[in-house]
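Chemist: 3D model of this:
(2 chains)
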Amino acid sequence: MGEQKLFFDEVTEGDQAPSRTHTLTRTDLVRYAGASGDYNPMHHDEIQATAAGQPSVFGHGMFSMGFLGSAIDEYVGVANLTRYQVRFARQTGPGEELSTRVTVRGKRTEGGRHLIDLDVRLVNQEGEEKVVGEATAELPTRG
Amino acid sequence: MGETEQAASIDELLKSIIGKPTSSSRVMVERAPVTFFAEAVLERSELYHSPEAAKAAGLADIPAPPTYGMVLEVWGKYPELQQPDDEPGGAPLMEILGPLMARGGLILHGEQEFLYHRPVVVGDVLVGKGHVADAYQKESKGRTMTFIVTETNWSDDTTGEPVVTTRFNLIHRA
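Modeler: Just a heads-up that it's a prediction; the model follows:
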């Protein structure tokens, strides 16, 4: 188990994690391209992206999942996830304000492991969903 | 070949790639790419920067962020770590995507899933075995959508224990 930050006893269904908000920049996309090795020009080359009919370069889905993951990390503590799954609903673009929405859907104990299930999503300033998914974390107890 | 026969052959091709190996590799998990990746996804925890902080939290070393499993093969897949029989041979994804892309359309990353069996930490040497977990087509709003799910099981090279499983869902939209 990882960082002890949130305790199972203190979690209630419906709890919400603090939201993180970030306005996407082209620099974010370039940095993520380098860190992930994903050099698809649609994510960094404005000329090629517009020639392909896109309004601009667009964000890596995995950047969105990664940023949403940071908000989950900060809530449940680093290295406590047992599962993290998302569907990429819509593209993101530079200038969009992305906010994380992490809500506790339930808690359960299985084979001595204390687990919480989370609904996770990343939305823009208009509430449009970019990434929608779920995560499960194993938490310590105040014993 | 008529439309119906073509559809039938794609269907058979999709069924035929299920279970086929897609990748096999041995990778090192190293500090610089892990910390750089953490910064790139805007992680703020000190645990991604400081081995001392990570150890104080009970981890063996700096952990990898939740989505790092996606890039394990990008970083640390050194030639000397690979073994001759590691190469799976064949490229089942291309067997499908080749003919589909020849008829146009778009390839999208539809879904992504990680199952964590224990944290990935700096210093790990991991072995990843990938295979096609599922492949199917369905109609949506008058378009043919092809779904291919690749699952990769990463395990500890020393102990053999499972570490992380990744499921990558690729969509071809005609």
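
Chemist: residue in chain B with the shortest distance to chain A?
Modeler: Nearest residue of chain B to chain A: residue B:41, at 3.0 Å (C-beta to the nearest C-beta). Using the backbone N, CA and C atoms, a C-beta is placed for each residue, glycine as well.

Chemist: so how many other residues sit close to that residue?
Modeler: A count of nearby residues for residue B:41, using other C-beta atoms under 10 Å in any protein chain shown, gives 27.

Chemist: thought it was touching residue A:67?
Modeler: Yes: Residue B:41 is within contact range of residue A:67, at 5.5 Å (criterion: C-beta atoms under 8 Å).

Chemist: shaky segments in chain B?
Modeler: Residue ranges of chain B with pLDDT under 70: B:1-8, B:85-89.

Chemist: enumerate the residues of it near chain A.
Modeler: Residues of chain B that fall close to chain A, judged by C-beta under 8 Å from any C-beta of the partner chain: B:33, B:36-37, B:39-45, B:47-48, B:57-59, B:63, B:65-67, B:70-71, B:74-75, B:108-116, B:119, B:167.

Chemist: quick check on those residues: which are buried?
Modeler: B:33, B:37, B:39-43, B:45, B:47-48, B:57, B:59, B:63, B:65-67, B:70-71, B:75, B:109-116, B:119, B:167 (16 or more other C-beta atoms under 10 Å in any protein chain shown).

Chemist: helices - which of those land there?
Modeler: B:33, B:37, B:39, B:40 (DSSP state H).

Chemist: just the strands in chain A please.
Modeler: Taking DSSP state E as the criterion, chain A contains strands spanning A:21-23, A:81-88, A:97-110, A:113-123, A:129-138.

Chemist: which residues touch residue B:18?
Modeler: B:132, B:133, B:134, B:135 (C-beta atoms under 8 Å, 6 or more residues apart in numbering or on different chains).

Chemist: host element of the third one?
Modeler: Using DSSP states H and E, residue B:134 sits within strand B:125-140.

Chemist: buried sites along that strand?
Modeler: For strand B:125-140, a neighbour-count test (16+ other C-beta under 10 Å) marks B:126, B:127, B:128, B:129, B:130, B:131, B:132, B:133, B:135, B:137 as buried.

Chemist: how close does residue B:61 get to residue A:3?
Modeler: Going from residue B:61 to residue A:3 by C-beta to C-beta, to the nearest Å gives 14 Å.

Chemist: those two: which has the busier surroundings?
Modeler: Using other C-beta under 10 Å as the criterion, residue B:61 and residue A:3 rank with residue A:3 on top: 24 against 15.

Chemist: any weak-confidence spans in chain A?
Modeler: In chain A, no residues with pLDDT under 70.

Chemist: how many residues are close by the residue of it found nearest chain B?
Modeler: In chain A, the residue that lies nearest chain B is residue A:66 (3.0 Å; C-beta to the nearest C-beta). For residue A:66, the count of nearby residues is 25 (other C-beta under 10 Å).

Chemist: do the same with residue B:28
Modeler: Neighbours around residue B:28, by other C-beta under 10 Å: 17.

Chemist: then residue A:5?
Modeler: By other C-beta under 10 Å, the residues close to residue A:5 number 16.

Chemist: that one reaches residue A:76, doesn't it?
Modeler: Yes: between residue A:5 and residue A:76 there is a contact under C-beta under 8 Å: 7.0 Å.

Chemist: related to what we said a few turns ago, distance to residue A:52 added to the buried residues of strand B:125-140, as JSON lines?
Modeler: Formatted as JSON lines, those follow (distance: C-beta to C-beta, whole Å):
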{"residue": "B:126", "distance to residue A:52": "36"}
{"residue": "B:127", "distance to residue A:52": "38"}
{"residue": "B:128", "distance to residue A:52": "32"}
{"residue": "B:129", "distance to residue A:52": "35"}
{"residue": "B:130", "distance to residue A:52": "29"}
{"residue": "B:131", "distance to residue A:52": "32"}
{"residue": "B:132", "distance to residue A:52": "28"}
{"residue": "B:133", "distance to residue A:52": "30"}
{"residue": "B:135", "distance to residue A:52": "27"}
{"residue": "B:137", "distance to residue A:52": "25"}
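
Chemist: closest one of those residues to residue A:101?
Modeler: Using C-beta to C-beta, residue B:133 is the member of these that lies nearest residue A:101, at 28.9 Å.
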